[in-house]
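1. kindly generate the corresponding structure for this input.
(one chain, ligands or ions: 1)
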Amino acid sequence: MALPYSEKVLDHFLHPHNVGKMKDADALATEGSPACGDMVKLYLKVDEKSRVIQDIKFESYGCASNIATGSVITELAKGKTLDEAKKINWKAANEELGGLPSVKVHCAVLAVDALRTAIENYEHSHGLNKEKIPTTEDIVMKRLSRVINPIAGLDVVKTGLVKEVRVGQGDVTVWVDLPEDHQFANNLRSEIIERIEPLWDVQRVTVTFTGA
Ligand code: FES
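-> Predicted coordinates:
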């Protein structure tokens, strides 16, 4: 059965704004959905002085609703300061789109999560995060719990793929229970690094594969 999409959703899906990669991004974030296994990647270019989002792009590996919400939230965020953009939530995206079918709300949440994480990453890497909480194993695990295990479609912490994490003096080491030559090993390594490296006090992330 076809889902009852509004005209605006269809329009943003067929003609999405701000789609693509950004080579010189100041911050980026990838979010995956455990609900459906889809992914969205978002890039930010921010003016250092005014903290205004000058440019924003996204790539969606998700469904029509995800593409439409990516299009809408990037439009809403462009030209806003980081603080203003933080207030954009899935309800605003939903309203702007004239309502998503309720089974598709998680697609909007995914796009908004990517925006929030990209802003958070920018703040961390530019020393703008207000609370300078030192990175701990728990903080790393929390961030890793948003990385999807491509084999199981659930997160890498819950599925036991991440065996251990150690944090010390700017170094973070993550042990992953997968053979080094596994087809997903390289992807997983870059996703883990991408997620942990922006933390304000982290200088180096090492991912070690331990699987046989
Ligand atoms: Fe996965 Fe929409 S169903 S993002």
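2. what lies in contact with the helix or strand containing Ser65?
-> In this assignment (DSSP states H and E), Ser65 forms part of helix 64-77. The contact list for helix 64-77 (C-beta atoms under 8 Å, 6 or more residues apart in numbering) reads 5, 8-10, 12-13, 16-19, 38, 40, 42, 53, 56-58, 60, 62, 85, 88, 90, 92-94, 96-97, 100-101, 104, 107-108, 110-112, 114-115. C-beta here means a position set from N, CA and C on the backbone, and glycine is covered the same way.
3. PyMOL command for the buried members of the residues you listed?
-> Per 16 or more other C-beta atoms under 10 Å, the buried members of the contacts of helix 64-77 correspond to this PyMOL selection:
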select buried, resi 5+9+12+13+16+18+38+40+42+53+56+57+58+60+62+85+88+90+93+94+96+97+100+104+107+108+110+111+112+114+115
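4. which of the contacts of helix 64-77 are close to the ligand?
-> Near the ligand, judged by C-beta under 6 Å from any ligand atom, the entries from the contacts of helix 64-77 are 38, 62, 104, 107, 110.
5. among these, which lie within strands?
-> Assignment to strands by DSSP state E places none of those there.
6. what's the closest of these to Asp47?
-> Closest approach between those and Asp47, by C-beta to C-beta: Leu110, at 26.7 Å.
7. against Asp181, how distant is the residue lying closest to that closest one once chain neighbours are set aside?
-> Taking C-beta to C-beta, 6 or more residues apart in numbering, and ignoring the residues beside it in sequence, Leu110 has Ser33 as its nearest neighbour in space, at 4.8 Å. Ser33 is 28 Å from Asp181, where distance means C-beta to C-beta, to the nearest Å.
8. now do the phi/psi pair for the residue lying closest to Asp155 once chain neighbours are set aside.
-> Among residues not flanking Asp155 along the chain, Ser145 sits closest, at 4.9 Å (C-beta to C-beta, 6+ apart). Note on Ser145: backbone dihedrals following degrees, to the nearest 10 are phi -70, psi 0.
9. OK, contacts around Ser145?
-> 155-158.
10. cool, Gly37 as well?
-> 148, 153.
11. for it, give me the pLDDT.
-> Per-residue pLDDT puts Gly37 at 78.
12. what do you get for Glu59?
-> The predicted local confidence for Glu59 is 96.
13. all strands for the chain, in order.
-> Here the chain has its strands, by DSSP E, at 27-32, 39-46, 53-61, 162-168, 171-176, 204-209.
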